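Visitor: Quick one: sequence and predicted model below, then my questions.
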Amino acid sequence: MLSRTLALTAISFATLAALPAAAQDLHSDCAVRIGSGPKGGVYELIARDIQSVCGNEVSICVVPSSGGLQNLMKLSASEVDVGIAQVDTLQTMARDGDENIRNLQALMPLHSNLLHMLALREGSKVPNSRIKFINETRKIRNFSELAGLRVAVVGSARLVGEKLNRSTDSDMELLEAEDDDQALTWLRSNKVQAIFTTGGWPMPNIARYKRESGLVLMEYDQKLPSPFLMVKRNYQNLDAFNFSFVSTSNLLLTRPFKPTGDMARKMGTLQSCLLRNLDNLQEGRFSAAWKEIKSPTDTLGVARFARAEGQKTARIASYQQ
C-alpha cells in the first residue's frame, strides 16, 4: 500500500511539473497558427475549413480568440501568424495606433460580418420621457430607437457600435460584455436594452435562438458611415425576413515576414492553396461564408501579401474615415 501511494504521488508530481511545458508547447508543432474566434462562430468555422483543406500542405493550428479585435492584438504580439478581422476594425486600430497592426498584410478577402442587434420581443423598461423616475415598457425594433439607451457590445461590435454611435449622435451607453451569453443575461435583467454582436451569416449564436426565446432582431434605419454597407438577410428562426443589416468585410491577415524567409514561404503556400481550392470551399461541405468571396485578390485597400524576391514590407495604403 505504501509503495503504491508513493508511486502515485511521484506520478502526480511529474504530471504537474510537465503542465507548464505542455501549455507552452500547445502550438509549437504548427507551421502556421490561425487566430479564429469564439467556439462555434463563423470565424472558427472558417479557420477549421482552412485547416481541413490546406493542412496537408502546411501544418495549421487553430487558436481560439474572442474575435477580430483580439486577433489583431495576437498578430501584433506575434502570438498568431494569421488572423481574421473586419476591415473597419483594422482601420480603426491601425490609424495613428499600433505600428505592428498598421503593417499587417492581407492574404485574401473573406466573407462579410453582419452587425446583429437583438432586443426583447415584449420590450424593455426605459425611463419615461415625460415623468421623472418612472419607467415604461418600450418595444425596440430599429437602431434609431436606441438613442440614450444602454447596449451590450460583444467583441468587435464594440468598435462598430462606437462608430455608429458617433456618426448618428445616438448617445447610447455601450457596455462591453465578455460573450454573447453574458450580454443576453444583461438584456433579460434589463441592465441593457439591446445587444450588438457581429458575425458572418448565418451566425450560429443567432440561429440558435427560437421564436419562443423572447428575442427579436432589430433593423438598421440610419445613414451608414464608410466603410459599412447595408445587406438583406433572413433568420427564419426569429421571423426575420429580408432584414437590413450593417455589413463590413473581413480579411485573412498575416504579419510581414522577410520575403526570402521560411515564414514567407509558408504564407505563400497557404495563400496559393486557398486560391487553388476556392471553388471547392464555395461548393463543397464547408461554411456558407466562403460563397461571399467574389474577387479573391481584392484586399480592399490593404496591402496584399505577395511573396517575391526583394519584396519590401508593405503598409496599409489608405484609411477610410
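Guide: Received the coordinates, thanks.
Visitor: Next one, pLDDT for residue 18 please.
Guide: According to the prediction, residue 18 has pLDDT 43.
Visitor: Now do stretch 45-60, average pLDDT.
Guide: Mean per-residue pLDDT for stretch 45-60: 97.
Visitor: Return the set of buried residues in it.
Guide: Buried residues in stretch 45-60, counted by 16 or more other CB atoms under 10 Å: 45-51, 53-55, 58, 60. (Each C-beta comes from the backbone N, C-alpha and C, glycine too.)
Visitor: how about that stretch as PDB, C-alpha atoms only?
Guide: This file holds the C-alpha atoms of stretch 45-60, laid out as PDB (Å, rounded to 0.1, in the frame of the first residue of the first chain):
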ATOM      1  CA  LEU A  45     -15.700  27.500 -38.900                       C
ATOM      2  CA  ILE A  46     -13.600  29.400 -41.500                       C
ATOM      3  CA  ALA A  47     -10.400  28.600 -39.600                       C
ATOM      4  CA  ARG A  48     -11.300  24.900 -39.400                       C
ATOM      5  CA  ASP A  49     -12.100  24.800 -43.100                       C
ATOM      6  CA  ILE A  50      -8.700  26.300 -43.900                       C
ATOM      7  CA  GLN A  51      -7.100  23.700 -41.700                       C
ATOM      8  CA  SER A  52      -9.100  20.900 -43.400                       C
ATOM      9  CA  VAL A  53      -8.300  21.900 -46.900                       C
ATOM     10  CA  CYS A  54      -4.700  23.200 -46.600                       C
ATOM     11  CA  GLY A  55      -3.500  21.400 -43.600                       C
ATOM     12  CA  ASN A  56      -1.800  18.700 -45.700                       C
ATOM     13  CA  GLU A  57       0.300  21.400 -47.400                       C
ATOM     14  CA  VAL A  58       1.300  23.400 -44.400                       C
ATOM     15  CA  SER A  59       0.600  22.300 -40.800                       C
ATOM     16  CA  ILE A  60      -2.000  24.600 -39.200                       C
END
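Visitor: who's in contact with that stretch?
Guide: With CB atoms under 8 Å, 6 or more residues apart in numbering as the test, stretch 45-60 has contacts from 29-37, 61-62, 84, 110-111, 200, 266, 269-270, 273-274, 277, 280-281, 286-287, 289-290.
Visitor: Please flag which of those sit within strands.
Guide: Among the contacts of stretch 45-60, the members falling in strands (DSSP state E) are 32-35, 61-62, 84, 110-111.
Visitor: Mark which of the buried residues of stretch 45-60 are part of strands, please.
Guide: When DSSP E is applied, the buried residues of stretch 45-60 are split such that residue 60 fall in strands.
Visitor: Quick check: the farthest pair among the buried residues of stretch 45-60?
Guide: By the measure CB to CB, 45 and 58 form the most distant pair in the buried residues of stretch 45-60, at 19.5 Å.
Visitor: In the stretch 201-321 of the chain, what residue spans correspond to helices?
Guide: 204-207, 262-276, 278-283 (DSSP state H, counting those that start in this stretch).
Visitor: Next, count neighbours for residue 77.
Guide: 10 (other CB atoms under 10 Å).
Visitor: And the one 10 residues further on, by the same measure?
Guide: Here the neighbour count serves as a burial measure; for residue 87 (other CB under 10 Å) it reads 23.
Visitor: Noted, bye for now.
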